[in-house]
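need a structure here:
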Amino acid sequence: MESLKELFQEADWKAEKHVPVIEAPAKAKKQDAVKVTLTVGKEIPHPNTTEHHIRWIAVFFHPKGEKFPYQIGRFEFCAHGESVQAPNASTIYSQPAVTCSFKTEKSGTILASSYCNIHGLWENAQELAVE
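Here you go, the predicted structure:
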């Protein structure tokens with residue numbers, strides 16, 4: 001039987017346009033807001049057309065020593081040039097980039113996932129040290 005975790009792909013975001021890029025500080029102080037920017041296609045632009053687009057990005061935080069991560073947010077991108085006239089006939093195209101923030105008193109791992117309608121699920125992670 002197949003598992004969801006087996007379907008996630010990962011790669012270096014500088015060479016692969018589907019990987020969610022996590023931009024966040026490596027260190028933070030307890031109870032300071034940690035600003036996280038997530039982007040898909042940062043180095044190599046993703047097409048984001050009606051036929052080929054990033055549908056969503058999700059971000060989680062997994063504190064060290066805890067069993068489960070906390071979902072910080074899930075962000076959907078809904079405009080991909082579709083129109084009643086034809087595919088890519090609209091002038092509105094979502095760009096898969098979002099900024100959010102959260103507070104924590106524990107160190108841990110920021111986890112991000114994204115979904116491309118053609119190339120599936122992608123993931124990335126970044127450590128966060130809290131002082």
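
Tell me which residue of this protein is furthest from the middle?
In the chain, the residue that sits farthest from the middle, by Cα atoms, centre = their mean, is Gln85; the gap is 30.9 Å.

separation between that residue and Thr49?
15 Å (Cβ to Cβ, to the nearest Å). To be clear about C-beta, it is placed using only N, CA and C from the backbone, and glycine gets the same treatment.

Check the average confidence over stretch 5-16, would you?
What stretch 5-16 shows for mean pLDDT is 81.

just stretch 73-81 next, same as before
97.

In it, which residues are buried?
For stretch 73-81, the neighbour count (16 or more other Cβ atoms under 10 Å) marks Phe75, Phe77, His80, Gly81 as buried.

From these, pick the one nearest Gly65.
Nearest to Gly65 among the buried residues of stretch 73-81: Phe75, at 27.8 Å, using Cβ to Cβ.

What helix or strand is that closest one located in?
Using DSSP states H and E, Phe75 maps to strand 70-76.

following that strand, which helix or strand comes up?
Next along from strand 70-76, by DSSP H and E: strand 97-102.

In three-state terms, label the nearest residue to Glu10 once chain neighbours are set aside for me.
The shortest distance from Glu10 to any non-neighbouring residue, by Cβ to Cβ, 6 or more residues apart in numbering, is to Glu123 (5.3 Å). Three-state assignment for Glu123 (DSSP: H, G, I helix; E, B strand; the rest coil): strand.

Which residues does Glu123 form beta bridges with?
According to DSSP bridges, the residues that bridge with Glu123 are Ser113.

Burial check on it, number of neighbours?
Other residues within reach of Glu123, judged by other Cβ atoms under 10 Å, total 16.

next one: Ala129
12.

my guess is it meets Lys29, correct?
No. Using Cβ atoms under 8 Å as the test, Ala129 is too far from Lys29 to be in contact (10.3 Å).

okay, and the common contacts of these two?
Common contacts of Ala129 and Lys29, defined by Cβ atoms under 8 Å, 6 or more residues apart in numbering, are absent altogether.

residues contacting Ala125?
So Ala125 contacts Ile22, Thr109, Ile110, Leu111, Ala112 (Cβ under 8 Å, 6+ apart).
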